[in-house]
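**Student:** Sharing a model prediction with you, sequence too.
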Amino acid sequence: MLPVEVRILPTYEVVASFGMLKTYSGLIFPLIASATATFLFRQFFMTVPDEIVEAAGLMVLDLCGFSLIF
């Protein structure tokens, strides 16, 4: 992994090219897309029990917002 000091200038250039300077999205998107955040998200989702994932797959919301359980 690269230290923040190495990544700060390229990150600034990308955010500036997307026109997201001085916006909340300019702060949030680079942090979400970083390799460290991706690794932490993966580690968290690996701790979710399989039963919860299966239960979430069985429950579907229809167009009116009513939940249907299959």
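**Tutor:** Done, it's in. These numbers come from a predicted model, not from an experiment.

**Student:** Run a quick neighbour tally on Pro30.
**Tutor:** 19 (other C-beta atoms under 10 Å). For glycine as for every other residue, the C-beta is placed from the backbone atoms N, C-alpha and C.

**Student:** these two touch, right, it and Val14?
**Tutor:** Yes - at 7.3 Å, Pro30 counts as touching Val14 under the criterion of C-beta atoms under 8 Å.

**Student:** Run through the helices of this protein in chain order.
**Tutor:** 4-17, 24-32, 35-46, 50-58 (DSSP state H).

**Student:** lowest-confidence stretch among those helices?
**Tutor:** Across the helices of the chain, helix 50-58 has the smallest mean pLDDT, namely a mean of 80.

**Student:** Give me the angle between it and helix 35-46.
**Tutor:** Helix 50-58 and helix 35-46 are oriented at 90 degrees to each other (axes from the mean of the first three to the mean of the last three C-alpha atoms, to 10 degrees).

**Student:** Centre of the chain to helix 50-58, how far?
**Tutor:** Mean-position distance between helix 50-58 and its chain equals 20 Å (C-alpha atoms, centre = their mean, to the nearest Å).

**Student:** ditto for stretch 45-52
**Tutor:** Centroid separation between stretch 45-52 and its chain, computed with C-alpha atoms, centre = their mean, is 17 Å.
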